[in-house]
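Undergrad: predicted model and sequence follow; I will ask about them next.
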Amino acid sequence: ALRESESRFRTVVEYAVDPIFVHDRNGRLIDVNHVACESLGYTREEMLSMNIRDIDQHCEDDAWAWKGLEQGRTITLETEYCRHDESRFPVEVRMGLIELAGNEHVLAFSRDITERKLTERRLDHLAHHDMLTGLPNRLLFNDRLSQTLVKAQRNGSRVAICFLDLNHFKVVNDTLGHAVGDEVLKCSAQRLRESVRLGDTVARLGGDEFIILLEDVNGAHDASLVAAKILSHFANPIVLGERSVLVGTSIGISVFPDDAGDADTLMRHADAAMYIAKQQGDNLYHCYSSTTDLIDQGELSLDD
């Protein structure tokens, strides 16, 4: 309990709007305010029988924390508190030393940052995902590709890129309107998701251009099977209410390290292969080769 001479401090603590905790060097709680009790679901008596580690199970190492505090620094950190019902929530904690009853204690002000974390996650999602389809955007795809290539190089595995766009999509936009075009893009994104494994990445680069990252493949043949599956999905019209829209796709494939040793070249080669597929006709895929005549042409077949 606080001494009578420290009653003013107790009043300040009690009327604070944020949870406040006072604990000794061993983490034993010496004082808390009513906001702390309400936020965690404990009575004051219960909390004064607890250790700060009962609340903050990710508590920073004592030696590190005390060293900084004893140097006169105020420490600010983010951690996670556990309520009485065992639910958890993120908090920002600002700590400093205070002398009470002749002993040094830690005075910790905490603030629930759940909303801030949700906002940060929303902003991060918007920065890395396409707003229309929800797919990863170019920025996130490039990051995943770079990491995947590093891992593949270390493991001696192969990675494939499928670059594709929708055939005659401009006609859909021009004749049926952008609202229908947007629905076609969203349905196309879903079809692409359904064509790949859970760990593979489907991204929208912009417009009607999509790109797929296939990890740990045996070579172009595995990517060709995925391409054939995609083509079979796009062979069926997209049904939007009473309207049916048939859009095909052209796919270009390149494989790391067979066709390229870096991300930029790998994507360029897949893009080049896609344009050759478009020149050959609708609903085809092509696998990149350094010699155009050796580029493998695929048609709508799952028996590849």
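TA: Everything's here; your move.
Undergrad: only C-alpha atoms from now on, for both contacts and neighbour counts.
TA: Fine.
Undergrad: quick one: end-to-end length of stretch 153-163, please.
TA: Criterion CA to CA, to the nearest Å; first-to-last residue distance in stretch 153-163 is 21 Å.
Undergrad: that one: which residues count as buried?
TA: Neighbour counts over stretch 153-163 (16 or more other CA atoms under 10 Å) mark Ser157, Arg158, Val159, Ala160, Ile161, Cys162, Phe163 as buried.
Undergrad: now do stretch 215-232
TA: 215-216, 219-220, 223-232.
Undergrad: in strands only, show me the residues you listed.
TA: Within the buried residues of stretch 215-232, residues falling in strands by DSSP state E are Glu215, Asp216.
Undergrad: so can I have CSV of the buried residues of stretch 215-232 showing pLDDT?
TA: As requested, these are exported to CSV (pLDDT from 0 to 100):
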residue, pLDDT
Glu215, 95
Asp216, 93
Gly219, 91
Ala220, 92
Ala223, 95
Ser224, 95
Leu225, 95
Val226, 96
Ala227, 96
Ala228, 95
Lys229, 95
Ile230, 96
Leu231, 95
Ser232, 94
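Undergrad: touching, Arg111 and Glu92? I think so.
TA: Yes - if you go by CA atoms under 8 Å, Arg111 and Glu92 touch, sitting 5.3 Å apart.
Undergrad: so where's this protein shaky on pLDDT?
TA: Within the chain, the stretches with pLDDT under 70 are 1-9, 60-66, 291-304.
Undergrad: show me the strands in it, by range?
TA: 20-23, 29-32, 75-82, 88-100, 103-112, 158-166, 201-206, 209-217, 238-240, 243-245, 249-256, 285-287, 296-298.
Undergrad: same for the first one, what does it pack against?
TA: Same thing as strand 20-23. When contacts are defined as 3 or more CA pairs under 8 Å, 6 or more residues apart in numbering; DSSP states H and E, strand 20-23 packs onto strand 29-32, helix 34-40, strand 103-112.
Undergrad: buried stuff in stretch 70-81?
TA: Buried residues in stretch 70-81, defined by neighbour count with 16+ other CA under 10 Å: Thr79, Glu80, Tyr81.
Undergrad: middle-most residue in the protein, spatially?
TA: His125 (6.7 Å; CA atoms, centre = their mean).
Undergrad: what's the distance between that residue and Ile55?
TA: 30 Å.
Undergrad: how about Thr133, what does it touch?
TA: Leu185, Lys186, Ala189, Arg204 (CA atoms under 8 Å, 6 or more residues apart in numbering).
Undergrad: quick one: Gly135 from Ile212, how far?
TA: If you look again at residue 135, you'll see it is Leu, not Gly. 11 Å.
Undergrad: shared neighbours, these two?
TA: Joint contacts of Leu135 and Ile212 (CA under 8 Å, 6+ apart) are Val202, Ala203.
Undergrad: still on that earlier bit, could you dump the helices and strands packed on strand 20-23 to CSV with mean neighbour count and distance to Asp85?
TA: Compiled in CSV, the helices and strands packed on strand 20-23 are given as follows (neighbours: other CA atoms under 10 Å; distance: least, CA to CA, whole Å):
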stretch, mean neighbour count, distance to Asp85
strand 29-32, 21, 19
helix 34-40, 18, 8
strand 103-112, 19, 17
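Undergrad: mind putting these into CSV with distance to Pro237?
TA: Formatted as CSV, the helices and strands packed on strand 20-23 follow (distance: least, CA to CA, whole Å):
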stretch, distance to Pro237
strand 29-32, 64
helix 34-40, 54
strand 103-112, 50
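Undergrad: now for the nearest residue to Pro136 once chain neighbours are set aside: which residues touch it?
TA: In this structure, Pro136 finds its nearest non-sequential neighbour in His129, 4.2 Å apart by CA to CA, 6 or more residues apart in numbering. By CA under 8 Å, 6+ apart, the contact list for His129 reads Leu135, Pro136, Asn137, Leu140.
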